[in-house]
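# quick one, fold the following:
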Amino acid sequence: MSKVLCLTPPKGMCDGIVSSLRAEAHFVEKKKFPDGETYVRIPTTVSGEDVLVVHTGFPEQNDRIIEAMFVIDTLKDLGAESVTLLMPYMPYARQDRRFREGEAVSIKVVLRTLASLDLDYLIVVDIHKEYSLSEFGNGAFNVTVLPYLAERVKDELEDPLVLAPDRGATLRAKAVAAALGAPWDYLEKRRDRVTGEVTIKPKEISAQGKTVVIVDDIISTGSTLALAASHLKRAGAKKVIALVSHALMIGDAERKLREAGVDAVVTANTLAREYPSIVRVIDVSKLLAEFIEEKGLL
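Residues are numbered from 1 along each chain as shown. Presented below is the predicted three-dimensional model:
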């Protein structure tokens, strides 16, 4: 038998997963005590069953991690045959190494903690650095959704040019370019040694007259994207579209992006939040359900 437990799912994801997998769905009971401590309860029997927990890590990342830990441990105590955690947005993933002496490698702690609970499988969407998943061990999967998003807006993009925000993101740009049948490049930042002025432009290909699609895993405050978009518009780009897996859109990110000339942000429904009007959300639950089915996880 298989069951889907909806813990803190992104909007539409639990319904989409359940519909695609034809599984039985239940919502985990949860609350906060007056002192701030977390309570969870599994509302159905799970003994001998394969259980999929649908739960994202944003917003309120610390609460989301605690909820996941309590639910996984409880499912194991109650005799679940296997437990798979589908966490589309994995928090703390950007702190994947020690950038300064003395720092915690946060994602290592999170993943090792989940593994210590005997979690059988972990599925994430476009984690910041895929090599981080080695901290979980066997049974961790990273699903990329960027080409899927690109295919769904392909017909709306006239003369697209796909750009990575830096050299390190070129693999994502290549995958999206292949889906769109478009050229790709990456942005290069240069500082004038005399004036100190910073310019950002594609390394080789001109943006003149193009619909520029900037590809990345996360938009947080939007500052980097806004800087790139303003330079691209001045360089003659007809439109600037951001195609990202996770649109956190912290603070006044929407204002920054609009003022910089970003026409739209296209993202997946990986977060449990409402999005500002500049963001277009595409449901990826069917893609994730197909992955789960293909791997035989439920």
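# what's around residue 294, how many residues?
If you count neighbours by other CB atoms under 10 Å, residue 294 ends up with 8. For the C-beta atoms, the positions are set from N, CA and C on the backbone; glycine is no exception.
# ok but it is inside a helix, no?
Yes. Assessed with DSSP: H, G, I helix; E, B strand; the rest coil, residue 294 lies in a helix.
# identify the residues contacting residue 38.
Contact analysis of residue 38 by CB atoms under 8 Å, 6 or more residues apart in numbering lists 30-32, 63, 66-67, 70.
# try residue 239
Per CB under 8 Å, 6+ apart, neighbours of residue 239: 211-212, 263.
# for the stretch 1-150 of the chain, which residues score under the pLDDT cut-off?
In the predicted model of the stretch 1-150 of the chain, residues 1 satisfy pLDDT under 70.
# ranges for the strands of it?
Listed in chain order, the strands of the stretch 1-150 of the chain (DSSP state E, counting those that start in this stretch) span 2-8, 24-27, 29-32, 38-41, 50-55, 82-87, 121-125, 140-143.
# of the ones you listed, which approaches residue 230 most closely?
Judged by CB to CB, the one of the strands of the stretch 1-150 of the chain that comes nearest to residue 230 is strand 121-125, at 28.8 Å.
# with just CA atoms, put the closest one into PDB.
C-alpha atoms of strand 121-125 as PDB (Å, rounded to 0.1, in the frame of the first residue of the first chain):
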ATOM      1  CA  TYR A 121      14.700   8.500   0.100                       C
ATOM      2  CA  LEU A 122      15.000  12.200  -0.400                       C
ATOM      3  CA  ILE A 123      13.900  14.100  -3.500                       C
ATOM      4  CA  VAL A 124      14.800  17.700  -4.000                       C
ATOM      5  CA  VAL A 125      14.400  20.200  -6.900                       C
END
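# make a markdown table from the contacts of residue 38 and add neighbour count to it.
Below are these laid out as a markdown table (neighbours: other CB atoms under 10 Å):
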| residue | neighbour count |
| --- | --- |
| 30 | 15 |
| 31 | 9 |
| 32 | 10 |
| 63 | 15 |
| 66 | 14 |
| 67 | 21 |
| 70 | 19 |
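# so residue 206 makes contact with residue 235?
Yes. Look at residue 206 against residue 235 with CB atoms under 8 Å: they come within range, at 7.5 Å.
# neighbour count: the two, which is higher?
residue 235 (16 against 13).
# mind checking how far that one is from residue 127?
Plainly put, residue 235 is 32 Å away from residue 127 if you go by CB to CB, to the nearest Å.
# for residue 116, same thing?
In terms of CB to CB, residue 116 sits 19 Å off from residue 127.
# ok, these two, which is more surrounded?
More neighbours surround residue 127 than the other of residue 116 and residue 127, with 27 against 11 (other CB under 10 Å).
# wait, isn't residue 107 in contact with residue 96?
Yes. Counting by CB under 8 Å, residue 96 is a contact partner of residue 107 at 5.1 Å.
# out of these two, which sits in the busier spot?
residue 107 (23 against 18).
# which residues does that one contact?
For residue 107, the contacting residues are 90, 92-96, 128, 132, 135, by CB under 8 Å, 6+ apart.
# farthest-separated two in those?
Checking these with CB to CB, the most distant pair is 94 and 135, at 14.3 Å.
# need the single longest helix in this protein, by residues.
In the chain, taking DSSP state H as the definition, the longest helix is helix 61-77.
# that helix vs strand 2-8, what angle?
Here helix 61-77 points in a direction 150 degrees away from that of strand 2-8 (axes from the mean of the first three to the mean of the last three CA atoms, to 10 degrees).
# from now on call the first residue 4
I'll keep to 4 as the first residue from here, and by that count the last item is helix 64-80.
# residues in contact with helix 64-80?
8, 10-11, 31, 33, 41, 43, 45, 49, 54, 56, 58-61, 86, 88, 90, 94-95, 113, 116-117, 120-122.
# ok so, going back, I'd like the strands of the stretch 4-153 of the chain written out as JSON lines, with distance to residue 186 added.
Output for those, formatted as JSON lines (distance: least, CB to CB, whole Å):
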{"stretch": "strand 5-11", "distance to residue 186": "39"}
{"stretch": "strand 27-30", "distance to residue 186": "43"}
{"stretch": "strand 32-35", "distance to residue 186": "47"}
{"stretch": "strand 41-44", "distance to residue 186": "49"}
{"stretch": "strand 53-58", "distance to residue 186": "37"}
{"stretch": "strand 85-90", "distance to residue 186": "34"}
{"stretch": "strand 124-128", "distance to residue 186": "26"}
{"stretch": "strand 143-146", "distance to residue 186": "26"}
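# perfect, I'm done here.
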